[in-house]
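*Asks:* I'll drop the sequence and a predicted model, then ask my questions.
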Amino acid sequence: MGWLDWLFGKPQSSSKDVSSQEQKQKKDNRCKVDDFFDGGDWDWDFYFDDEPSGSKVKKPGKPEKDKQKEAKQKGDEFEKYILKKLSQNKYLTIKEVTADKGFEVGVWVEANTHPDFVVEFNWKGRKISKLFAVECKWRKSLFRDCFCWASWNQIQRYEKFSSERQMPVFLALGLGGSPSDPEKLYIVPLEAVREDVKEFRGEPQGMITIEKLNNSKLGYFKSKESGFFFDCETGILR
C-alpha cells in the first residue's frame, strides 16, 4: 500500500449511515494531502472535470502517481515562466526560491508551504529596498467561472508568512494555454482576495471569479508582452 493510498483509503459511501468519526477521518486525510502538496494543480485537476461545462465534479478516489508528477511538472514550468519574467527587471533580485523537495519520497517539508519566490526591489539611486513574495498558480480552465487557487489552510499559511516576514504576497495566476505559455496572466495581491472564498465539498476554498480578475479598475490582468514592475510608492507588483 502506497502512502497516498494510506492517506485516502478506499472511497467512502456518501450514505447517511457514515459515522461522524469516519467523516472526520476523511477530512483529516484530505488535510494531510492538502498540506503535503500545498494545493498544487493535481488537487484541483483531481476534483474538477476538464470538460467544457467546467462544472462536473469527479468522485474522490486515489489519484495516480503519474498524475501527481505531471501536475507538479506543470507547476514547475509555470514557476520558471514567472521567474524568467521577474529576472528581466534590473531592479528585481530573486532572493529565495522554494525548492519543493521531499515530493518524490513522500516527505512533508514545512518550507514547501511558503510562497514560491521572495524578491527584492532595489533602487540604489534612491536607496529604496523592498521585499515581497510571489506564489505561482496555473490552471488549465475555470471552475464555475472561478479561478480555484488554494485551500483555506493554504491561504492562512500565506497570510502567516506575510505577517511574520513583514512583506506583501502576490499571486501570479496563469490561465489556459500551457504552463510555459499561459493564455492569460494575472497579478493579484493576496490581501485583495482573502474574502474570495467559497465552500466546496464542505470546506472553504480560494475561488476568484473571472469577472473580478478581468475588472479593468482593479488592474489584475497583465499583458504577457510586458515585464514586471514593482511600484515602490504603492507597494504593488504589476
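*Replies:* In hand now; what should we look at?

*Asks:* Settle this for me: Gly235 is touching Val169, isn't it.
*Replies:* No: in this structure Gly235 lies outside contact range of Val169 using C-beta atoms under 8 Å: 11.6 Å. (C-beta placed from N, C-alpha, C; glycine too.)

*Asks:* tell me, what's touching those two both at once?
*Replies:* With contacts defined as C-beta atoms under 8 Å, 6 or more residues apart in numbering, the residues adjacent to both Gly235 and Val169 are Phe132.

*Asks:* who's in contact with Ile187?
*Replies:* Here Ile187 is in contact with Phe170, Leu171, Ala172, Leu173, Tyr220, Lys222, Phe228, Leu237, Arg238 (C-beta under 8 Å, 6+ apart).

*Asks:* Can I get these in JSON lines including neighbour count, pLDDT and secondary structure?
*Replies:* Below are the contacts of Ile187 laid out as JSON lines (neighbours: other C-beta atoms under 10 Å; pLDDT from 0 to 100; DSSP: H, G, I helix; E, B strand; the rest coil):
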{"residue": "Phe170", "neighbour count": "25", "pLDDT": "98", "secondary structure": "strand"}
{"residue": "Leu171", "neighbour count": "24", "pLDDT": "98", "secondary structure": "strand"}
{"residue": "Ala172", "neighbour count": "27", "pLDDT": "97", "secondary structure": "strand"}
{"residue": "Leu173", "neighbour count": "26", "pLDDT": "97", "secondary structure": "strand"}
{"residue": "Tyr220", "neighbour count": "21", "pLDDT": "96", "secondary structure": "coil"}
{"residue": "Lys222", "neighbour count": "20", "pLDDT": "94", "secondary structure": "strand"}
{"residue": "Phe228", "neighbour count": "21", "pLDDT": "92", "secondary structure": "coil"}
{"residue": "Leu237", "neighbour count": "24", "pLDDT": "94", "secondary structure": "strand"}
{"residue": "Arg238", "neighbour count": "14", "pLDDT": "89", "secondary structure": "coil"}
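
*Asks:* Could you export these to JSON lines, including columns for distance to Arg144?
*Replies:* Converted to JSON lines, these look like this (distance: C-beta to C-beta, whole Å):
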{"residue": "Phe170", "distance to Arg144": "24"}
{"residue": "Leu171", "distance to Arg144": "19"}
{"residue": "Ala172", "distance to Arg144": "22"}
{"residue": "Leu173", "distance to Arg144": "16"}
{"residue": "Tyr220", "distance to Arg144": "19"}
{"residue": "Lys222", "distance to Arg144": "24"}
{"residue": "Phe228", "distance to Arg144": "30"}
{"residue": "Leu237", "distance to Arg144": "28"}
{"residue": "Arg238", "distance to Arg144": "28"}
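
*Asks:* can you give me the strands for this protein?
*Replies:* Secondary structure of the chain by DSSP state E: the strands cover 92-97, 117-123, 128-139, 146-151, 169-175, 184-189, 197-200, 203-209, 221-222, 230-231, 236-237.

*Asks:* least reliable of those strands going by mean pLDDT?
*Replies:* Least confident of the strands of the chain, judged by mean pLDDT, is strand 197-200 with a mean of 88.

*Asks:* hang on, Arg238 packs against Phe228?
*Replies:* Yes: counting by C-beta under 8 Å, Arg238 does reach Phe228; the two are 7.2 Å apart.

*Asks:* Contact partners for the nearest residue to Asn122 once chain neighbours are set aside?
*Replies:* Computed as C-beta to C-beta, 6 or more residues apart in numbering, the closest residue to Asn122 that is not its neighbour in sequence is Ser129, at 4.9 Å. Applying C-beta under 8 Å, 6+ apart to Ser129 gives the contacts Glu120, Phe121, Asn122, Trp123.

*Asks:* Show me what counts as buried in stretch 155-174.
*Replies:* 155, 157-158, 161-162, 165, 167-174 (16 or more other C-beta atoms under 10 Å).
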